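Chemist: This is the structure alone, sequence omitted:
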């Protein structure tokens, strides 16, 4: 009620001089004359309150206009694109849950683990007059770490020299027992057990002019205790890698 009275008086009483009104028992304000007394203070207070209310309305309208612009930019895709170009911020990385549902590429179909495909031998390249076919670089030693590091060196060397490496695999470890015979009898006893480790690096497409250079480089870096050999790949080399099953072979021979 006080605010309503102040607004009314601020509209009609601002800038008026108050004179006594005998009929109404109050005072009358004249224009162009500054008010004094209680009525003047009340009029000035109402005018100041009106200005404050006007400023509050302007601030409220500005905030509402800014909020409407933000909501319109979110709703319309064109405005959203413009806002992202101006901000240059990746909003999907601001929170850990923003990346859920994104994908980069399609995954290949998973193979069933129940059935494993039978290993088949690849076709052996015979080579030509200027190139060798499939070659096996075999490294054998009693120290497993030594032969493994040397095989890695040969593999990296072939990659650097742009020589195609088909496979790099390990052969089954072989165990050899050393027996000694006593001088005054024929009884033998175990003296040592030697384990032989073998690694194979299979290459193809080696030119006949570059083969001596490659072999010389490998031999110059060959560590002590490692036996090195190079031979053509055959079908027997592939079958050695497979585990033999003599009982199954006997049953298959009886059935045939």
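Modeler: Arrived safely. The structure presented is a predicted model; accordingly, all values stated were derived computationally and were not measured.
Chemist: which stretches of the stretch 151-256 of the chain form strands?
Modeler: Taking DSSP state E, counting those that start in this stretch as the criterion, the stretch 151-256 of the chain carries its strands at 164-170, 174-181, 188-204, 226-232.
Chemist: Tell me which of these lies nearest to residue 242.
Modeler: The closest approach between residue 242 and any of these, judged by C-beta to C-beta, belongs to strand 164-170 at 12.2 Å. All C-beta spots, glycine's among them, are computed from the backbone N, C-alpha and C.
Chemist: Can you give the strand pairings for the closest one, parallel or anti for each?
Modeler: According to DSSP bridges, strand 164-170 has the following sheet partners: strand 188-204 (antiparallel).
Chemist: Report the angle between the strand it pairs with and strand 226-232.
Modeler: Using axes from the mean of the first three to the mean of the last three C-alpha atoms, to 10 degrees, the inter-axis angle of strand 188-204 relative to strand 226-232 is 50 degrees.
Chemist: Show me the shaky parts of the stretch 51-200 of the chain.
Modeler: The stretch 51-200 of the chain contains residues with pLDDT under 70 at 51-61, 63-94, 114-117.
Chemist: Mind jotting down where the helices sit in it?
Modeler: 77-87, 144-160 (DSSP state H, counting those that start in this stretch).
Chemist: Show me which positions of the longest one end up buried.
Modeler: Neighbour-count burial for helix 144-160, counted by 16 or more other C-beta atoms under 10 Å, picks out 146-147, 150-151, 153-155, 157-158.
Chemist: Kindly reformat the residues you listed as TSV containing distance to residue 106.
Modeler: Below are these laid out as TSV (distance: C-beta to C-beta, whole Å):
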residue	distance to residue 106
146	44
147	41
150	41
151	36
153	38
154	37
155	32
157	37
158	33
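Chemist: Assess the claim that residue 181 and residue 187 are in contact.
Modeler: Yes - Residue 181 lies in contact with residue 187 (C-beta atoms under 8 Å); the separation is 7.3 Å.
Chemist: thinking residue 135 is in contact with residue 203, fair?
Modeler: Yes - between residue 135 and residue 203 a contact is recorded at 5.3 Å, counting by C-beta under 8 Å.
Chemist: These two: which has the busier surroundings?
Modeler: Higher neighbour count among residue 135 and residue 203: residue 203, with 25 against 22, using other C-beta atoms under 10 Å.
Chemist: That one bridge partners, please.
Modeler: residue 135, residue 165.
Chemist: any idea how far it is from residue 172?
Modeler: Noted for residue 203: a distance of 22 Å to residue 172, by C-beta to C-beta, to the nearest Å.
Chemist: ok, now residue 195?
Modeler: As for residue 195, its distance to residue 172 is 11 Å (criterion: C-beta to C-beta).
Chemist: Identify the contacts common to these two.
Modeler: Listed contacts common to residue 195 and residue 172 are nil; contacts here mean C-beta atoms under 8 Å, 6 or more residues apart in numbering.
Chemist: Let me know how buried residue 96 is, in neighbour terms.
Modeler: Residue 96 has 7 nearby residues by other C-beta under 10 Å.
Chemist: Equivalent analysis for the one 10 residues further on, please.
Modeler: Other residues lying near residue 106 total 6 when counted by other C-beta under 10 Å.
Chemist: Residue ranges of each domain in this structure, please.
Modeler: Residue ranges for the domains of the chain, per automatic domain parsing: 2-74, 135-243.
Chemist: Tell me which of the strands of the stretch 151-256 of the chain lies nearest to residue 249.
Modeler: strand 174-181 (21.4 Å).
Chemist: Please enumerate residues in contact with that closest one?
Modeler: By C-beta under 8 Å, 6+ apart, the list of residues contacting strand 174-181 reads 187-196, 198.
Chemist: Could you rerun that using 6 Å?
Modeler: 188, 191-196 (C-beta atoms under 6 Å, 6 or more residues apart in numbering).
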